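>>> Sequence and computational prediction follow.
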Protein chains: 2
Amino acid sequence: MMKYWLLSLFVLVSSLCSCPCRAEDSAMENIVTEKKAEESHRQDSADLLVFILLLTLTILTIWLFKHRRFRFLHETGLAMIYGLLVGVVLRYAIHVPSDMNNVTLSCNVNASPATLLVNVSGKFYEYTLKGEISANDVDDIQDNEMLRKVTFDPEVFFNILLPPIIFHAGYSLKQRHFFRNLGSILAYAFVGTVVSCFIIGLFMYGCVMLMKQIGHMGGDFFFTDCLFFGAIVSATDPVTVLAIFNELQVDADLYALLFGESVLNDAVAVVLSSSIVAYQPEGDNTHTFEAMAMLKSFGIFLGVFSGSFALGVATGVVTALISFNFTKLRDFPLLETALFFLMSWSTFLLAEACGFTGVVAVLFCGMTQAHYTFNNLSPESQDRTKQLFELLNFLAENFIFSYMGLTLFTFHNHVFNPIFIVGAFLAVFLGRAVNIYPLSFLLNLGRRNKISSNFQHMMMFAGLRGAMTFALSIRDTATYARQMMFSTTLLVVFFTVWICGGGTTQMLSCQKIRSCFLVCCRLKYSGLFNASCLMMDFLCLRLQIGPDGVERRSTKHESAWFFRIWYNFDHNYLKPILTHSGPPLNATLPACCGPLARCLTSPQAYENEEQLKDSDSDLILNDGDITLSYGDVTVSTDAAGAHTSGTPVGGVAVNSDEALDRELAFGDHELVIRGTRLVLPMDDSEPPLPLDSHRHRHKNETMS
Amino acid sequence: MMKYWLLSLFVLVSSLCSCPCRAEDSAMENIVTEKKAEESHRQDSADLLVFILLLTLTILTIWLFKHRRFRFLHETGLAMIYGLLVGVVLRYAIHVPSDMNNVTLSCNVNASPATLLVNVSGKFYEYTLKGEISANDVDDIQDNEMLRKVTFDPEVFFNILLPPIIFHAGYSLKQRHFFRNLGSILAYAFVGTVVSCFIIGLFMYGCVMLMKQIGHMGGDFFFTDCLFFGAIVSATDPVTVLAIFNELQVDADLYALLFGESVLNDAVAVVLSSSIVAYQPEGDNTHTFEAMAMLKSFGIFLGVFSGSFALGVATGVVTALISFNFTKLRDFPLLETALFFLMSWSTFLLAEACGFTGVVAVLFCGMTQAHYTFNNLSPESQDRTKQLFELLNFLAENFIFSYMGLTLFTFHNHVFNPIFIVGAFLAVFLGRAVNIYPLSFLLNLGRRNKISSNFQHMMMFAGLRGAMTFALSIRDTATYARQMMFSTTLLVVFFTVWICGGGTTQMLSCQKIRSCFLVCCRLKYSGLFNASCLMMDFLCLRLQIGPDGVERRSTKHESAWFFRIWYNFDHNYLKPILTHSGPPLNATLPACCGPLARCLTSPQAYENEEQLKDSDSDLILNDGDITLSYGDVTVSTDAAGAHTSGTPVGGVAVNSDEALDRELAFGDHELVIRGTRLVLPMDDSEPPLPLDSHRHRHKNETMS
């Protein structure tokens, strides 16, 4: 909601900008202008208030749904419905007569300057350019002030609302499972998105040709437009389905695959769409194919993507280094959190200033922060940053989705074309299918733990379109083609969020994806919930090895060579340099680098080396909805036992392969733990649990 | 920093607004405009990046200062210094040649409309009014693009940066001590501010007369301007000194007096200044005295203040009722926090929409939230909301102060007049003195626990001018008089923050204000720190009853009749209706209201009635710097014992006088606890402390 606040403020302030300076002399006209400005400011506040009350209502309804375990409609779907309702009211019920504020001037200026000084009978007024308006909109602008007031600048979504959502996605990526499936995720994200983009583009071009034949087309629609459409609807949303996945605690690998794919998909789609826009052949006809322009676009894609990636990672590393070197900063969580926030935000600005894509940079910054900086933060700052970005994400997301609903009725230039819409729906599903199934088949050739067909159907089903698709399509609605795309995109988003998003629970149980949670639920309703945690462990272990459609993986051989190389490098060199949680560098570097290693290793590394485990990888997601809603006490004796026995006591973990194996083993056990987070009614007389008291002690040590 | 982000975004977005829609056709001019917009967007990002890096530097330096216990310069003072440095660089080192973006048009329009449509050779461009520019600034605008870029709209401060600061002040008000001193605080805030405003106004009018006599005055300067100046420099800042007070843990009553006074001062000053601006006699000469206009201004003052007050309290109560009735919302801290945030923000919008003062409404909303809603939140949401607003406050505050430093060099129309400046300094000190000393004398006639002369000197000294004064003075710098005021106000703020703020520690020890912390520090440096907590208790008790210039108060008789009436009403009726922490209503209401009482009382009230204590009043401030920096473990056996013995076991506290006395007694004991928050190195074998385990258990109960 912070994001929404931000946005509201922006609108508020941009309206305040139009408030002229006060009280120079007593001329009547000044007072009139002042009153008008005040009136406008009040009106803006009232409009925003409506928005805020709408969001408040959404939150209360979400709570009701969560409380009643009503899972057929996700909160984003709900936000859209409320947005739709308000849109209907604004469009048809309220009509604010224009106060004839606008004056059309005909001026003999050659260009449209960013700042305009208007000399009105001796006084100078400053005006800023807001944008070009097509000739047929001029009347609209003067007609309905109300609808214009609730219309935000499209760039707001891209520059204010998307960054926290994307950062949060990167920050909460389940690191271990992500890296374990990195190869597949990259394949889905890059190859898959590009394939999907071209398939959809080609299919839509066929539709457009058909429409032109039967005369259903009211304007230009080029092949690049089709490709652009393909790019924007190829961005799958990590939000909706994954929120449900997170609540249901489904298989961690499926989660990582889907989440990683969706998140990277977004990044690829953004850069891809901007590369397509940048395609400009030099000839007379700018819509012909030209190899050079094509190559240039490809170069732009590579350059922008890698540049944004490098920038994001660089800022993350700088933050890690600052928090690594200023260890005493841990004593002041407020400063630490502020610094973390500032550095993450500066990533966005730096990328934008360099001409890269800020949203993409923010994604990789979030991932780097989660992997390195997070380890250096004090426990309190870890909580604070998580909660802060969780809140920002929640508010931004719900705002975007409710605005989406609103836009269906308040946007003025909708172009709904039945052929295009039907074509788009077919193309979207075709594109997703061509993305998932052949790629999965190819990937399975190389993977040891195969992506089962259930997994594939689930990924196909979970390809929702959300905030990113919307932000990309609303960014430019100037031409006929773009307006048609925007209207169609809205419908695609509505359909996927309501139908696919709402059906995830059913789909999951239908596909028999392992989900201990469902078993828990069933047990709970049959009164067995509180019976015994050991029984649950047993059940989950049975589930894990049972014939549930997911092949059992051996912990030793499952990880890809890429992951193994990356893990070794990261564990031996990057973690010791950037965090306090790695092994001492002189244990991992060759002997000749001794002095350098001593210089770079923090004293804490020696102290902490018994605790050599990738604790960061799960801390971040542990606080998901499941933990909050179903309690914070993990009772899982044998899993905890495995963990303790897996931890080397006093020995230095030089052999990183060993550490890797141990970690992977721990990872699996942890999966069991995750499945059995039960809340047992605690006796007041019961002593605190060992796990909790350990955490508690650790906190005290850090504080002192 | 969130606030700063917000601001940055606003600037970024407002620049993006000037980016025209893309790619309609291939006309060359479109591409040029696009490139120009992209260039401008990049430049904006780079500028903001400089700001963010500046703030990052500030944070790192603040940390260094805190780490080295360097208390002579507060963080806000530091932010100002960095701002000054950047201002010097921007002003003298960098000169960006203008790209001749601006075009001056001479149009025959009668008024300056809010939206302007410019028809440039067949295409329509939309422009929004930014404000009036005085004729001599027109060249400036075209001259230095860079300085204009770093200049924010003054309304940003009022509508974006101040609200979270003021809300945080209200939210973190130490409730019990505030209400205990409510009469005195209201006297200082209302009578004191008005007196100070008129004294300063009169004094400055004398200065202005003198300047006119000797020909030092370059423009108009009316009596209303002098009064306006009086109003804006009467707003004392609760930030700087109180941050130090909070760290030093000084006497709670002095803290409450100063904090309450500063916070309410701000509210009074805002409304007062707007009432003065609203003073408009009907005659020809608008600067003569007219009784009707004066009365109207007074009416505006009363109306706006009480309206804002009522609105703020109303939203707070609504939030409390929502959180009271939707008890299961506690299971979802994210939703709870978002709701809390939205409702608080809607207060601001509601007040602005109704024509009241949003900042004032937000203050009272914060106070109501802290008193009622806070009790209904889950422990996690309590932490989250505190931390969120702490962060927002920190960022907004540091941004305002660094922008203040910047403005000294980047503002174009400074009018530094030596006579006016000297006069202003004298007037400010005179106004503060006339505010504090006579009022304290009068108040002491009625108070049982007198405000000692040390207290009074401290209050005199701690009257810093800060964010509110700056925001009020930068809001309008159109006329000569306002420009002179703005420049003088800047100097007053610099002086008070650097000299008075920096000297607080010295002043405190000089005035021998009871401050257990100083003793702690001294003990720490003499190696006795870890010796024994019992010894510390003893020392602090000694300090409290020792001859330290503060009179010993009896707990029974100290509270004013006003407080007693308020407390009874609040404890017996409001708390039970609005929170889960009060006694059951049917115990406090007359028997005839039985059904109503049963209907309004929550089931939890019966369960919780053993824990009848005003736990909210201190929870909010406990997490101040002292707790974070010096540990979270309270070891204070006798105080804890006193607490336990003071709690009724099983009995229903129907007699609220009894409860009040018990609470007051507890309050004093708690003061002792606060003085002795020590961190003892805990043995690993040591069992968790009773206080902590209790809190822990409570948390678990709430979660399940």
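Sure, I can see it.
>>> so how far is B:Phe228 from A:Thr505?
From A:Thr505 across to B:Phe228, the span is 62 Å (Cβ to Cβ, to the nearest Å). Yep, even glycine has a C-beta here, placed from its N, CA and C like the rest.
>>> Stretch A:422-440 - what's its average pLDDT?
Averaging pLDDT along stretch A:422-440 yields 91.
>>> what stretches of chain A score poorly on pLDDT?
Along chain A, the parts satisfying pLDDT under 70 run over A:1-34, A:71, A:94-150, A:174, A:239-250, A:282-287, A:511-563, A:581-704.
>>> Apply 50 and report the result again.
Judged by pLDDT under 50, chain A has its weakly predicted residues at A:1-27, A:100, A:142, A:515-559, A:609-704.
>>> my guess is A:Gly307 contacts A:Ala353, does it?
No - using Cβ atoms under 8 Å, A:Gly307 is not in contact with A:Ala353, being 11.8 Å away.
>>> Settle it for me: which of A:Thr505 and B:Phe228 has more neighbours?
B:Phe228 (27 against 16; other Cβ atoms under 10 Å in any protein chain shown).
>>> follow-up on the earlier one: which one of A:Gly307 and A:Ala353 has more residues nearby?
A side-by-side neighbour count of A:Gly307 and A:Ala353, using other Cβ under 10 Å, places A:Ala353 first with 21 against 18.
>>> what about A:Gly446, neighbour count?
A:Gly446 has 11 neighbouring residues, counting by other Cβ under 10 Å.
>>> actually A:Met507, not the one I typed
A:Met507 has 18 neighbouring residues, counting by other Cβ under 10 Å.
>>> And A:Gly312, which helix or strand is it part of?
If you go by DSSP states H and E, A:Gly312 is part of helix A:291-325.
>>> Buried residues in that helix, which are they?
Using 16 or more other Cβ atoms under 10 Å in any protein chain shown as the test for burial, helix A:291-325 gives A:293, A:296-297, A:300-301, A:304-305, A:307-309, A:311-320, A:322-324.
>>> repeat for stretch A:346-364
Residues A:346-354, A:356-364 are the ones in stretch A:346-364 that count as buried (16+ other Cβ under 10 Å).
>>> Give me the subset of the residues you listed lying in helices.
Of the positions in the buried residues of stretch A:346-364, A:346-353, A:358-364 sit in helices, assigned by DSSP state H.
>>> Widest-spaced pair of these?
Between any two of those, the greatest separation by Cβ to Cβ is 17.6 Å, found for A:Ala353 and A:Leu363.
>>> re earlier: could you list which of the ones in helices among the buried residues of stretch A:346-364 also contact chain B?
Applying Cβ under 8 Å from any Cβ of the partner chain to these, one finds that A:346, A:349-350, A:352-353, A:358 fall near chain B.
>>> So what would you say the end-to-end distance of stretch A:353-373 is?
By Cα to Cα, to the nearest Å, the extent of stretch A:353-373 from end to end equals 24 Å.
>>> and the one helix or strand A:Phe401 maps to, which residues are buried?
Taking DSSP H and E as the definition, A:Phe401 sits inside helix A:379-410. For helix A:379-410, burial by neighbour count (16+ other Cβ under 10 Å) applies to A:380-410.
>>> of these, list those near chain B.
Residues of the buried residues of helix A:379-410 in contact with chain B (Cβ under 8 Å from any Cβ): A:380, A:383-384, A:387-388, A:390-391, A:394-395.
>>> Now look at stretch A:172-191 and say if it contacts chain B.
No - with Cβ under 8 Å from any Cβ as the measure, stretch A:172-191 is seen stopping short of chain B, the closest distance being 12.9 Å.
>>> quick one: terminal-to-terminal distance for that stretch?
End-to-end distance for stretch A:172-191: 24 Å, by Cα to Cα.
>>> can you check stretch A:205-219 too?
Stretch A:205-219 has its terminal residues 14 Å apart, counting by Cα to Cα.
>>> For it, give me every contacting residue.
A:221, A:223, A:226, A:415, A:417, A:419-420, A:423-424, A:427, A:479-481 (Cβ atoms under 8 Å, 6 or more residues apart in numbering or on different chains).
>>> Show me what counts as buried in that stretch.
For stretch A:205-219, a neighbour-count test (16+ other Cβ under 10 Å) marks A:205, A:207-208, A:211, A:217 as buried.
>>> In helices, which of those residues appear?
Residues of those located in helices (DSSP H): A:205, A:207-208, A:211.
>>> Include distance to B:Leu439 when you put these into CSV, please.
Formatted as CSV, these follow (distance: Cβ to Cβ, whole Å):
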residue, distance to B:Leu439
A:Tyr205, 80
A:Cys207, 79
A:Val208, 79
A:Met211, 80
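>>> Can you tell me which of those residues is closest to B:Phe70?
Using Cβ to Cβ, these come closest to B:Phe70 at A:Tyr205, 67.8 Å.
>>> That closest one and chain B, how far apart?
Separation of A:Tyr205 from chain B (Cβ to the nearest Cβ, to the nearest Å): 18 Å.
>>> OK, contacts around A:Met484?
A:Met484 touches A:221, A:415, A:417, A:420, counting by Cβ under 8 Å, 6+ apart.
>>> sorry, that was for A:Pro238
Residues near A:Pro238 by Cβ under 8 Å, 6+ apart: A:169, A:258-259, A:262-263, A:266.
>>> Scan these and report the most crowded one.
That'd be A:Asp266 among those, by other Cβ under 10 Å, with 30 neighbours.
>>> tell me the angle of the helix or strand that residue falls within relative to helix A:291-325?
Using DSSP H and E, the secondary-structure element containing A:Asp266 is helix A:252-277. Per axes from the mean of the first three to the mean of the last three Cα atoms, to 10 degrees, the angle that helix A:252-277 makes with helix A:291-325 is 130 degrees.
>>> Can you give me the buried ones in helix A:252-277?
Of the residues in helix A:252-277, A:252-277 count as buried by neighbour count, 16+ other Cβ under 10 Å.
>>> among the residues you listed, which are in reach of chain B?
For chain B, the contacts drawn from these by Cβ under 8 Å from any Cβ are A:Val277.
>>> Any of the contacts of stretch A:205-219 buried? List them.
By 16+ other Cβ under 10 Å, the contacts of stretch A:205-219 give A:221, A:223, A:226, A:415, A:417, A:420, A:423-424, A:427, A:479-481 as buried.
>>> Let me know the closest of these to B:Leu48.
Among the buried ones among the contacts of stretch A:205-219, and counting by Cβ to Cβ, the member closest to B:Leu48 is A:Thr479, at 31.2 Å.
>>> how close does the closest one get to chain B?
Look at A:Thr479 and chain B: by Cβ to the nearest Cβ, they are 6 Å apart.
>>> Which residue ranges of the stretch 101-250 of chain A form strands?
Counting by DSSP state E, counting those that start in this stretch, the stretch 101-250 of chain A has these strands, from start to end: A:103-107, A:115-120, A:123-133.
>>> Surely A:Ile199 is in contact with A:Arg432?
No - at 9.2 Å, A:Ile199 does not count as touching A:Arg432 under the criterion of Cβ under 8 Å.
>>> more crowded one of the two?
Using other Cβ under 10 Å as the criterion, A:Ile199 and A:Arg432 rank with A:Arg432 on top: 24 against 20.
>>> just to confirm, which helix or strand has that one in it?
helix A:418-446.
>>> and after that helix, which helix or strand comes next?
Where DSSP H and E defines the elements, the next helix or strand beyond helix A:418-446 is helix A:453-461.
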